[in-house]
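A.B. asks: requesting a structural model of the entry that follows:
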Amino acid sequence: IMVHTLNELPQLKYSGFGQPWPRHGLNLLYWFAHDYIDFRNGQIVSIFSPQDGDFGFHEYHNRIEDDDDHIVPRQNLPYYEVGNLNSPGADELPDYVRANYRHSNPSSNKDRIIVRKDASGNFNRVFVTEHSDPRRFDSSRTFRVSQGLLLIIKNMTREQYLKQTYNTQEDHPRVTLQSSNVNETASDNNSWCTIL
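C.D. replies: Prediction:
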């Protein structure tokens, strides 16, 4: 399994994450970058503790029946997930994240953010993904979000961000992504995308 890294807004836009309407992933990622994290000394620092369950955060166990089908790297570090609008605490998410949620429409609740905490408590990896069915995430629709992209999002208004990331019917680009292997080492593997 290969995990592609999103480094720029066009890469996020053309990844399809959080799209089409009524999905909530783009707004969820904006909230996460803008209100949940900060940046200090080159690290992604959580303003809140995901283990406390605020905003619907809960531990993500990265368990799949087939050991070769993990969507994020297998490491001895804790992972946490947010985005399930039915989770306890998810009602603390901003209204703009929850606005289009309809219990009768599973597409309005399929997007998630998964974070990995390092030994110092910082987030050393951030991933976005989506459900392929009610129980499983889609490994082909799982992306790592770079620290640089999170910083870009943090410094934008939500209107600017959505304008630059939401696909319209007229957008039909071809995207080529380089990959980093899911069985990564502790080193930081960057990958790039070319929009043709």
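
A.B. asks: contacting residues for the residue nearest the centre of the chain?
C.D. replies: For the chain, the residue nearest the mean C-alpha position is residue 128 (2.2 Å; CA atoms, centre = their mean). Listed by CB atoms under 8 Å, 6 or more residues apart in numbering, the contact set of residue 128 reads 6, 15, 17-18, 25, 29, 111-114, 142-143, 145. From N, CA and C alone the C-beta is placed, and that goes for glycine too.

A.B. asks: any idea how far it is from residue 107?
C.D. replies: Separation of residue 128 from residue 107 (CB to CB, to the nearest Å) stands at 16 Å.

A.B. asks: try residue 82
C.D. replies: Taken as CB to CB, the span from residue 82 to residue 107 is 18 Å.

A.B. asks: neighbour count: those two, which is higher?
C.D. replies: Neighbour totals were compared for residue 82 and residue 107, and residue 82 leads with 26 against 15 (other CB atoms under 10 Å).

A.B. asks: pretty sure the more buried one contacts residue 48?
C.D. replies: No. Using CB atoms under 8 Å, residue 82 is not in contact with residue 48, being 10.3 Å away.

A.B. asks: residue 3 against residue 143, yeah?
C.D. replies: Yes. Shown here, residue 3 and residue 143 form a contact pair, counting by CB under 8 Å, at 6.8 Å.

A.B. asks: sorry, back to before: shared neighbours of residue 82 and residue 48, anything?
C.D. replies: Common neighbours of residue 82 and residue 48, using CB under 8 Å, 6+ apart, are 55, 57.

A.B. asks: contacts for stretch 87-100, please.
C.D. replies: 21-24, 27-28, 31, 35, 53-58, 84-85, 108, 158.

A.B. asks: what helix or strand does the nearest residue to residue 9 once chain neighbours are set aside sit in?
C.D. replies: Nearest residue to residue 9 in three dimensions, chain neighbours excluded: residue 164, at 4.9 Å (CB to CB, 6 or more residues apart in numbering). Assigned by DSSP states H and E, residue 164 falls within helix 158-165.

A.B. asks: likewise residue 76?
C.D. replies: Going by DSSP H and E, residue 76 is not in any helix or strand.

A.B. asks: what about it, neighbour count?
C.D. replies: Count around residue 76 with other CB under 10 Å applied: 5.
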